[in-house]
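Enquirer: here are the coordinates; sequence isn't available:
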Ligand SMILES: [Zn+2]
């Protein structure tokens, strides 16, 4: 599969990914993958090919294949976080409507300032 991102620019993103973003950030760097979405119990890692893996922090360092929803979330988050990866944003079909849960932002705000990411079927794209 052809690289979806210029190799130099992807390598730079991998090197620069904040170690503080997730305790497992160093694992992703070691594998040459980019952390694009992290939760307490797992992180979504992007390969230069656009392929997505899930790191659940297993001690044997095994990565899982991403589900369709995880893959879509990873691509939307990669596009939102890095201008170099904007092309990964899933294309909005003509019939799609703005997500009523997040109003297109990909995040849902709770009273008190807490925010969380919009889940399926939006997957943080902002449309359904
Ligand atoms: Zn949404």
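Expert: Yep, that arrived. Quick caveat: nothing in here was measured; it's all calculated off a predicted structure.

Enquirer: what's the helix or strand for the most centrally placed residue in the chain?
Expert: Centroid-nearest residue in the chain: residue 74, 2.5 Å away (criterion: C-alpha atoms, centre = their mean). Per DSSP states H and E: residue 74 is located in helix 68-81.

Enquirer: next SSE after that helix?
Expert: Where DSSP H and E defines the elements, the next helix or strand beyond helix 68-81 is strand 107-109.

Enquirer: May I ask you to confirm that residue 13 belongs to a helix?
Expert: Yes. With DSSP: H, G, I helix; E, B strand; the rest coil as the criterion, residue 13 is located in a helix.

Enquirer: what's the neighbour count on it?
Expert: When counting by other C-beta atoms under 10 Å, one arrives at 20 neighbours for residue 13. C-betas here are computed from N, CA, C, even on glycine.

Enquirer: hmm, the helix holding residue 74 touching the ion?
Expert: No. Using C-beta under 5 Å from the ion, helix 68-81 stays clear of the ion, coming no nearer than 9.8 Å.

Enquirer: what is the mean pLDDT for that helix?
Expert: Helix 68-81 carries an average pLDDT of 96.

Enquirer: follow-up on the earlier one: so how far is residue 95 from the residue nearest to the centre of the chain?
Expert: Note on residue 74: its distance to residue 95, by C-beta to C-beta, to the nearest Å, is 24 Å.

Enquirer: Nice, that's everything, thank you.
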